[in-house]
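1. Just need the structure, nothing else, for what follows:
(one chain, ligands or ions: 1)
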Amino acid sequence: MKFTREDIDTDELNRRRALYGPLTAAVRELVDATIRTEVDDETIREVHATVAAATEKLRAKQIDGGFGMRFTADGESFAWGNAGMGLRNAIAPPLLIESDDTGLHWTEVALGAAYEGPPGLVHGGICALVLDHLLGTTASSVEPRFTGTLTLRYRRGTPLGPLRAEARIDRNEGRKTIVVGTLSDAGGVTIEAEGIFIGPATE
Ligand SMILES: CC(C)(COP(=O)(O)OP(=O)(O)OC[C@H]1O[C@@H](n2cnc3c(N)ncnc32)[C@H](O)[C@@H]1OP(=O)(O)O)[C@@H](O)C(=O)NCCC(=O)NCCSC(=O)Cc1ccccc1
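-> Residues are numbered from 1 along each chain as shown. Down below sits the predicted model:
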């Protein structure tokens, strides 16, 4: 696993956040527009050339492989390539997780055309991503945990649009943390989830 310490403070982290966040949001918009546009062929070719030129500019200087988990000098972590919530990952929905003092964790997210599986419905693997990320974060709220087994019961199709996922720790069994959760639309639960999340062996 790729963990890196960067010699930067919180101000510099915030400066980078303000720089990259809008770029990622623009790329996310581009993905959505690419799926939904109905402009003429010439415009598509023009946009293709513009996007290819922009990609080449970004590739002029880049890291090898993934972004990894990085830490500032103050110990603040940032995993900006993460597929669930990475600030620099336009594929990430992104998932912003909140919690309260009862142990409930939740995220509210609108999944649009880029996440479609069956017509009008969210792809089952994307639903799994949302729930794995939320349940994993919930399990890791005390100590780091990794997904061992994730069990999902797809009760009905999850429509594209605004969704809410919730999770809470059900119980701890040694290094295992069992988390339960749901994904819902305005009409109620679409998927029930249970995950066994396991902490690394210490010796
Ligand atoms: C670490 C572990 C999961 C377990 O290995 P070890 O330490 O060698 O385990 P060991 O054999 O010593 O057994 C200990 C206890 O555990 C039990 N048990 C074992 N395996 C399983 C199982 N699969 N399922 C259920 N139970 C299992 C076993 O029976 C025993 O139970 P016992 O004590 O007898 O009652 C390893 O298989 C692995 O790295 N897998 C890949 C994980 C990975 O890549 N996940 C995806 C990335 S994370 C992510 O994306 C989500 C996220 C988002 C945000 C935030 C956080 C997370």
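2. and the residue lying farthest from the centre of the chain, backbone torsions?
-> In the chain, counting by CA atoms, centre = their mean, Glu42 sits farthest out from the average C-alpha position, at 34.3 Å. Phi and psi for Glu42, reported as degrees, to the nearest 10, are phi -60, psi -40.
3. any idea which element the nearest residue to Leu96 once chain neighbours are set aside lies in?
-> Of all residues beyond its chain neighbours, the one nearest Leu96 is Thr107 (6.2 Å), with distances taken as CB to CB, 6 or more residues apart in numbering. Quick note: C-beta positions are derived from backbone N, CA and C, even for glycine. According to DSSP states H and E, Thr107 maps onto strand 105-111.
4. which residues touch the helix or strand harbouring Ala49?
-> Per DSSP H and E: Ala49 is located in helix 41-59. Helix 41-59 is contacted from outside by Leu30, Thr37, using CB atoms under 8 Å, 6 or more residues apart in numbering.
5. immediately after it, which helix or strand?
-> Remark: after helix 41-59, the chain's next helix or strand is strand 69-71, criterion DSSP H and E.
6. Listing request: residues of this protein with sub-threshold pLDDT.
-> Filtered on pLDDT under 70, the chain yields the residue ranges 203.
7. Would you map out the domains in it?
-> Domain segmentation of the chain under automatic domain parsing yields 1-92, 95-198.
8. Can you tell me which of the ones you listed is packed in deepest?
-> Comparing the domains of the chain by mean neighbour count (mean count of other CB atoms under 10 Å), domain 95-198 ranks first with a mean of 17.
9. Start and end of it, how far apart?
-> 22 Å (CA to CA, to the nearest Å).
10. ok, is it in contact with the ligand or not?
-> Yes. Domain 95-198 is in contact with the ligand by CB under 6 Å from any ligand atom, via 132-133, 136-137, 140, 145-149, 174-176, 196, 198.
11. Which helix or strand contains the residue of the chain found nearest the ligand?
-> At 2.3 Å from the ligand, Gly136 is the closest residue in the chain, using CB to the nearest ligand atom. Per DSSP H and E, Gly136 falls inside helix 124-139.
12. and the gap between the most centrally placed residue in the chain and Ala113?
-> The structure's the chain has its C-alpha centroid closest to Gly84; by CA atoms, centre = their mean the separation is 1.2 Å. Distance, Gly84 to Ala113, by CB to CB, to the nearest Å: 19 Å.
13. Kindly report the same for Ala52.
-> Counting by CB to CB, the separation of Ala52 from Ala113 is 22 Å.
14. about what we covered before: compute the inter-axis angle for the helix holding Gly136 and strand 105-111.
-> 160 degrees (axes from the mean of the first three to the mean of the last three CA atoms, to 10 degrees).
15. Which residues does helix 124-139 contact?
-> With CB under 8 Å, 6+ apart as the test, helix 124-139 has contacts from 83-85, 93, 95, 97, 99, 105-107, 109, 111, 115, 117, 145-147, 150, 152, 154, 158, 163, 165-169, 177, 179-181, 183, 190-191, 193, 195, 197.
16. What lies in contact with the helix or strand that it is followed by?
-> Tracing the chain past helix 124-139, the next element assigned as helix or strand by DSSP H and E is strand 146-154. Residues outside strand 146-154 that contact it (CB under 8 Å, 6+ apart): 124, 127-128, 131-132, 135-136, 176, 190-200.
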